[in-house]
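Chemist: Here is the input, now give the coordinates:
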Amino acid sequence: MAGKDPLAASDSATPTTQASHHGHAASRFWALALGSVGVVFGDIGTSPLYAFRDALEEAARDGLVRPEIMGVLSLALWALILVVTVKYVLFLMRASNKGEGGVLSLMALAQQGAKGRTGLIFALGAIGAALFYGDGVITPAISVLSAVEGLKSVRGFSGWFGTQEVIVTSLVILTALFAFQAKGTAKVAGIFGPIMVCWFLCLGALGVWHIKDDPSVLAAISPTYAIYFLAHHGLTGFLVMGAVFLTVTGAEALTADMGHFGRGPIQMSWFSLALPMLALNYFGQAALASKALAAAEAAGTALPNADWFFLLAPHQWRLALVLFSGVATVIASQAVITGAFSLTQQAIQLGLLPRMDIKITSTTEAGQIYVAPINWLLFVGVVLVVLSFRSSSALSHAYGISVTGTMVVTTLLAYIVVRHVWKWSLLASLALIVPLFALDLTFFVANLLKVLTGGWAPLALGAGLCLLMSIFVSATERLRTKLNKDGLPFADFREMIARRPAAATPGTAVYLTSDPETTPPALMHSLKHFKVLHERNVLLKVVNETTPYVPDDQRIEAKTLDDRFSLVTVRYGYMESPNIPQALAACRKQGLKFDIMSTSFFVSRRTIVPSVGTDALPAWKRKLFTFLTRNAADPTTFFHLPPGRVVELGAQVSL
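Modeler: Next comes the predicted model:
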């Protein structure tokens, strides 16, 4: 929300006061920058464990030569520059929805520009969200697997620590990670930043130590090496691009976590720490591989691919590096899981998913939430992919599609924002978006080549989630239309009550409704069965806005309809959790006073039954929608209603 900067000093402030304010702002900035390293850059910071190795594996199928090492290195560096730095850090971080980022925030912003939800915007948002969940399944699996696999390079472990042991150890770590989620991470999240800063410094130090093995690899900063490699490798070049893309997985987190840390701190962390340390590490891995290749050629033997990252460390330090990488991958996985919880909260508020119980795990840290169904569904998915793919190399074939797909969606939504929200001309919009889209599409097509070897997994998961969202949204809209069509207009209901007044009972009744123009079913059933109305009756409509937060002075709109009925509209952003009693307490400022102990909340509980008409919902869709609504969070919990003051009235609705 725009407003006066609370840190800005007034004209009458003393120099000491101004210095204090500036000092506080600076310390807060650096604290946010430190925190962002632990949350935003966890995924991309653990990419060196497997990205360079897997890219070389694709390039060296017919034997490794030095131009391939230089080509892969150049592709990795320019992926970091073009995809992460140019697209995300310099462009998309400016396309925020009042400070919030991520694919659903971008979708909500695009809806504002398009004056409502269109089919295209909804489809893009649903696809992007579904693919993000796919990333949430694969990231913990590949990160932890790659770290545990490092034990194979440690003397004393390599002889007996095989694939089976890697899988079991990884599953133990992942089980502990997901089981811990319900307790929240507020108590330990403060150390994530310092740990990941040390991790990035370790990446850079390992790289610098080995650049001396072959300093000529520094020339790979020239894009000519990447261009030469792609020009001379045909289909293999595309496969390598799919593997090289692993170097930029996690870029979406730069915008998704922007609301927690701010654009400035994230950009500072990227340019001053993450980018240079990642580049140095890839230089070091390339130099080590180049030195090993020269030794193999001198001996007249072929060079097998290896875990170049772990080989950067001397033998006596390798176990420590494996353990440190394990900690880093757990933090990276934690950031992705937390992002999935946040995305779920946004999807619920934007109407893409049914209500779920959202547990706030911290009273001081924003965004510390826990969504049990999502947590355990992710866990089941992670276990399945670990057992199915069995190694990080095999799993890398499934990784890129979900991330590149999300990036394609993000670029298309960004075009809508640039064109319709920022009001750029068509020519200027295309000049910016077309090159970015072409880059994303190239990487996406390169990853599509891996569909048969594992890429099918995120596509299947994404398609299933998109179908679920589509059915939920369309069936909810059909249900709303059905209720409005069959319901009694509220104006007619008031006229009926005026002609034939019902007996009054003391207190206030609050009826939750999605359409105040139609009489709430709970109100109709209450009058039908109890033959009385409360002295005061409030129709309460909750509106979910396409902005992340709603200012307090715009949250409540109260209107008195007559001496017995009032209409209250409560607005929430998609990053907020509805709290109805708190909102009603705020109505005092608008003249409506509520005594919570004499207020009853009436909620409609609908049972879906088959329709006999030709326009009936197909049986499988109706059963799926019924399952989703039946297992949705109880409105009492979701809206924070006092349990002892809630009355639920059931009704059957045919679909």
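Chemist: residue contacts, A332?
Modeler: For A332, the contact set (CB atoms under 8 Å, 6 or more residues apart in numbering) comprises 42-43, 45-46, 139, 143, 250. Every C-beta, even on glycine, is put in place using the N, C-alpha and C of the backbone.
Chemist: What residues does the nearest residue in space to it that is not next to it in sequence make contact with?
Modeler: Nearest non-adjacent residue to A332, counting by CB to CB, 6 or more residues apart in numbering: G42, 3.4 Å away. Contacts for G42 were tallied using CB under 8 Å, 6+ apart; they are 192, 196, 250, 253, 328, 331-336.
Chemist: what's the strand or helix carrying A294 packed up against?
Modeler: Taking DSSP states H and E as the criterion, A294 maps to helix 275-299. If you count contacts as 3 or more CB pairs under 8 Å, 6 or more residues apart in numbering; DSSP states H and E, helix 275-299 packs onto helix 51-59, helix 66-79, helix 192-211, helix 308-311.
Chemist: what's the angle between that helix and helix 51-59?
Modeler: Orientation check (axes from the mean of the first three to the mean of the last three CA atoms, to 10 degrees): helix 275-299 against helix 51-59 gives 40 degrees.
Chemist: Out of the contacts of A332, who's the most crowded?
Modeler: S143 (32 neighbours; other CB atoms under 10 Å).
Chemist: so T569, which of the three states?
Modeler: Reducing the assignment at T569 to three states with DSSP: H, G, I helix; E, B strand; the rest coil gives strand.
Chemist: Counting neighbours, what do you get for the closest residue to it other than its chain neighbours?
Modeler: Spatially, and ignoring its direct neighbours in sequence, T569 is nearest to E557 (4.3 Å; CB to CB, 6+ apart). By the criterion of other CB under 10 Å, E557 has 14 neighbours.
Chemist: Which parts of the stretch 451-600 of the chain are strands?
Modeler: Ranges of strands within the stretch 451-600 of the chain are 503-512, 532-544, 556-560, 565-572, 599-609, based on DSSP state E, counting those that start in this stretch.
Chemist: meant to ask about the stretch 251-400 of the chain
Modeler: Under DSSP E, counting those that start in this stretch, the stretch 251-400 of the chain gives strands at 359-360, 369-370.
Chemist: Please tabulate those strands in a markdown table, including the columns mean pLDDT and mean neighbour count.
Modeler: As requested, the strands of the stretch 251-400 of the chain are arranged in a markdown table below (pLDDT from 0 to 100; neighbours: other CB atoms under 10 Å):
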| stretch | mean pLDDT | mean neighbour count |
| --- | --- | --- |
| strand 359-360 | 80 | 14 |
| strand 369-370 | 82 | 19 |
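Chemist: Just send those strands back as JSON lines, with distance to P548 too.
Modeler: Formatted as JSON lines, the strands of the stretch 251-400 of the chain follow (distance: least, CB to CB, whole Å):
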{"stretch": "strand 359-360", "distance to P548": "17"}
{"stretch": "strand 369-370", "distance to P548": "14"}
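Chemist: can you tell me which of those comes nearest to P304?
Modeler: Closest to P304 of those is strand 369-370 (CB to CB; 44.5 Å).
Chemist: hmm, back to that, mind putting the strands of the stretch 451-600 of the chain into CSV with mean pLDDT and distance to A33?
Modeler: Below are the strands of the stretch 451-600 of the chain laid out as CSV (pLDDT from 0 to 100; distance: least, CB to CB, whole Å):
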stretch, mean pLDDT, distance to A33
strand 503-512, 89, 43
strand 532-544, 90, 32
strand 556-560, 88, 37
strand 565-572, 92, 30
strand 599-609, 84, 44
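Chemist: closest to N305 out of these?
Modeler: strand 532-544 (50.4 Å).
Chemist: For that closest one, which strands pair with it and how are they oriented?
Modeler: strand 503-512 (parallel), strand 565-572 (parallel) (DSSP bridges).
Chemist: of all the ones you listed, which lies closest to L73?
Modeler: Taking CB to CB, strand 565-572 is the member of those nearest to L73, at 48.3 Å.
Chemist: Just put the helices and strands packed on helix 275-299 in JSON lines and tack on mean pLDDT.
Modeler: Shown next, in JSON lines, are those (pLDDT from 0 to 100):
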{"stretch": "helix 51-59", "mean pLDDT": "89"}
{"stretch": "helix 66-79", "mean pLDDT": "94"}
{"stretch": "helix 192-211", "mean pLDDT": "94"}
{"stretch": "helix 308-311", "mean pLDDT": "93"}
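Chemist: Make JSON lines out of those and add distance to A231 and mean neighbour count.
Modeler: Formatted as JSON lines, the helices and strands packed on helix 275-299 follow (distance: least, CB to CB, whole Å; neighbours: other CB atoms under 10 Å):
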{"stretch": "helix 51-59", "distance to A231": "14", "mean neighbour count": "26"}
{"stretch": "helix 66-79", "distance to A231": "10", "mean neighbour count": "25"}
{"stretch": "helix 192-211", "distance to A231": "27", "mean neighbour count": "20"}
{"stretch": "helix 308-311", "distance to A231": "25", "mean neighbour count": "24"}
